[in-house]
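Engineer: okay, predicted coordinates and the sequence, questions at the end:
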Amino acid sequence: MECSTSNDSPITCSLGSYSLEGQRVCLKCPPGYACKYRHQSPASCPPGQTTFGKEGMTECSPCPAGFACESPQILPKKCPIGTYSLEGSTLCSLCPPGSACPHTSSIPVPCIVGSYSTSGQQNCTMCRPGYACSNTTKAEDVQCLPGSYSVGGQSHCTVCPAGYYCPDTKLDIKIACLPGHYAYTGFATCRACPAGWQCPQKDGSQNTQCPKGTFSTGLQKACTLCPAGKACPTTNTNNTIPCQPGSYSVGQQAECTVCPPGYECPSITESIVKPCSMGFYSSGGAVTCTQCQPGYACPSRFEALQIACLPGTFANAGFTVSLKRR
């Protein structure tokens, strides 16, 4: 109540004001206080509440989100960018690493995979092309190695698949290897199939050395078979050597096969091995067997053993033994 003079009747204090016993005038409730009851002293607003700097308030209000109410007696302070507060806060909180705070009145938003933020960030930073960012809380971008790539916003670099090469670490470009070339996983360029090897698959899974009797000069999906009638002593060159008469090759041979003793081999491209007839011989490497000369006996067809006839004996051409004259 307010009493202006000793003879006047008391006047009821207006809302937001108060008077204690014995006071002659009503007092306005100061900022930061609430005067719910006119006959009681002002009640200080609890932490996190405010009267927005106004006097004469009957109730305290929660500090609004996006503001900090450090003291009930002063105006709420707006949170700066990179911080946030929820309703009833006494201070603004710094946005934590790994999160973004696009609005000062909302809780932090976690960074998506392939992006990151340090503390106090309004937005997450997307990982740049050609780099990987595995940690959302640190600005640690790792450059992609040749044979891998990232188009941006990736936590890990993408490894180039086998059979392809990836020339640019910043772009999703996968180019298939040409025939006679191959690439394992994570190759920036395709490799040429080397001489002496065959590379039937572009992923290099079936690369094998050429076996004897075949060859490759490089860039080949399959080894070349050595032709019949020739020998191929090396697997990494196309050096073919013709078989000499008395030897042969049916193909896929590193060496020509020499006709064995006691046989004749009329063809250099086929395995035609004929035994020498009686009275003929071959010591090996013969196109045809040699007939035993007259006056000699040739008991073996496996060597050039010609025995001269003794006096009183004779032998015609092709004889294996000498005969007595009658």
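Structural biologist: Received the coordinates, thanks. Residues are numbered from 1 along each chain as shown.

Engineer: which residues sit in contact with the residue lying closest to Gly130 once chain neighbours are set aside?
Structural biologist: Distance criterion Cβ to Cβ, 6 or more residues apart in numbering; nearest residue to Gly130, sequence neighbours excluded, is Lys170 at 4.0 Å. The way it works is simple: take the backbone N, C-alpha and C, and place the C-beta from them, glycine included. By Cβ atoms under 8 Å, 6 or more residues apart in numbering, the contact list for Lys170 reads 129-130, 149-152.

Engineer: now the residues you listed in JSON lines, with distance to Cys259, pLDDT and secondary structure?
Structural biologist: JSON lines is the format used below for those (distance: Cβ to Cβ, whole Å; pLDDT from 0 to 100; DSSP: H, G, I helix; E, B strand; the rest coil):
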{"residue": "Pro129", "distance to Cys259": "70", "pLDDT": "97", "secondary structure": "coil"}
{"residue": "Gly130", "distance to Cys259": "67", "pLDDT": "97", "secondary structure": "coil"}
{"residue": "Tyr149", "distance to Cys259": "62", "pLDDT": "98", "secondary structure": "strand"}
{"residue": "Ser150", "distance to Cys259": "67", "pLDDT": "98", "secondary structure": "coil"}
{"residue": "Val151", "distance to Cys259": "68", "pLDDT": "97", "secondary structure": "coil"}
{"residue": "Gly152", "distance to Cys259": "72", "pLDDT": "96", "secondary structure": "coil"}
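
Engineer: what's the farthest-apart pair in those residues?
Structural biologist: Tyr149 and Gly152 (10.3 Å; Cβ to Cβ).

Engineer: of those two, who's got more company?
Structural biologist: Tyr149 (24 against 14; other Cβ atoms under 10 Å).

Engineer: what is the more buried one paired to in the beta sheet?
Structural biologist: Thr158 (DSSP bridges).

Engineer: for the stretch 151-300 of the chain, give me the ranges with low pLDDT.
Structural biologist: Residues of the stretch 151-300 of the chain meeting the criterion pLDDT under 70: none.

Engineer: please redo it, this time with the cut-off set to 90
Structural biologist: 278-279, 292-300 (pLDDT under 90).

Engineer: per-domain residue ranges of this structure.
Structural biologist: Per the record, the chain has its domains at 1-62, 259-326, by automatic domain parsing.

Engineer: can you pull the contacts of Ala162?
Structural biologist: So Ala162 contacts 183-185, 187, 202-205 (Cβ under 8 Å, 6+ apart).

Engineer: biggest separation within the residues you listed, which pair?
Structural biologist: Phe187 and Ser205 (13.4 Å).

Engineer: those two: which is more packed in?
Structural biologist: Shown here are Phe187 and Ser205; by other Cβ under 10 Å, Phe187 has more neighbours (23 against 12).

Engineer: state the distance from that one to Gly218.
Structural biologist: 18 Å (Cβ to Cβ, to the nearest Å).

Engineer: check Leu145 too.
Structural biologist: Taking Cβ to Cβ, one finds Leu145 at 27 Å from Gly218.

Engineer: repeat that for Ser150.
Structural biologist: 34 Å.

Engineer: the more surrounded of those two?
Structural biologist: Between Ser150 and Gly218, Ser150 has the larger neighbour count (other Cβ under 10 Å), namely 26 against 13.

Engineer: hmm, Asp141 and that one touching each other?
Structural biologist: No. Judged on Cβ atoms under 8 Å, Ser150 makes no contact with Asp141 at a distance of 9.4 Å.

Engineer: sorry, back to before: any chance of CSV for the domains of the chain, columns distance to Thr118?
Structural biologist: Output for the domains of the chain, formatted as CSV (distance: least, Cβ to Cβ, whole Å):
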stretch, distance to Thr118
domain 1-62, 28
domain 259-326, 79
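
Engineer: want to throw those into JSON lines with mean neighbour count and distance to Cys166?
Structural biologist: As requested, the domains of the chain are exported to JSON lines (neighbours: other Cβ atoms under 10 Å; distance: least, Cβ to Cβ, whole Å):
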{"stretch": "domain 1-62", "mean neighbour count": "15", "distance to Cys166": "56"}
{"stretch": "domain 259-326", "mean neighbour count": "16", "distance to Cys166": "49"}
